[in-house]
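Undergrad: Got a predicted structure plus its sequence, pasted below:
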Amino acid sequence: MLYETDTSHSCEKVIEKAEDFFNGDWGLKVSSKKDCCVLFQGGGGHVFLQCFEKNDEMKVELATREWDRQVKKFMKKV
């Protein structure tokens, strides 16, 4: 499933929050990380997070398999 949300945080801060949430709270492992994106894997699924700017607003796009409930919860935090 693909999700998108707005944020007032920088991409660096969003990725930091994602690592705390998905790795710390749920135990997913970071399998790839760059300045604008991070991929978490575990539990038979994955979460891919990407930040980008669109119309002068910071957007966060999340693609997931098996972690929809947690992604929706995370989107409320950012």
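TA: Great, that's in hand.
Undergrad: Can you verify C51 is assigned to a strand?
TA: Yes: according to DSSP: H, G, I helix; E, B strand; the rest coil, C51 belongs to a strand.
Undergrad: OK, contacts around E4?
TA: Going by CB atoms under 8 Å, 6 or more residues apart in numbering, E4 touches 59-62. C-betas here are computed from N, CA, C, even on glycine.
Undergrad: Among the residues you listed, name the buried ones.
TA: Among those, those buried by neighbour count (16 or more other CB atoms under 10 Å) are 59-60, 62.
Undergrad: Turn the contacts of E4 into TSV, including pLDDT.
TA: Formatted as TSV, the contacts of E4 follow (pLDDT from 0 to 100):
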residue	pLDDT
K59	97
V60	98
E61	98
L62	98
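Undergrad: Just want the most central residue of the chain.
TA: For the chain, the residue nearest the mean C-alpha position is L49 (3.6 Å; CA atoms, centre = their mean).
Undergrad: any residues touching stretch 5-16, and which ones?
TA: By CB under 8 Å, 6+ apart, stretch 5-16 touches 17, 33, 35-38, 49, 51, 57-60, 62, 75, 78.
Undergrad: Restricted to helices, list those.
TA: 17, 75 (DSSP state H).
Undergrad: Farthest-apart pair in the contacts of stretch 5-16, please.
TA: Greatest spacing in the contacts of stretch 5-16, by CB to CB: K33 and E57 (23.2 Å).
Undergrad: ok so, going back, please report which of the contacts of stretch 5-16 has the highest neighbour count.
TA: L49 (26 neighbours; other CB atoms under 10 Å).
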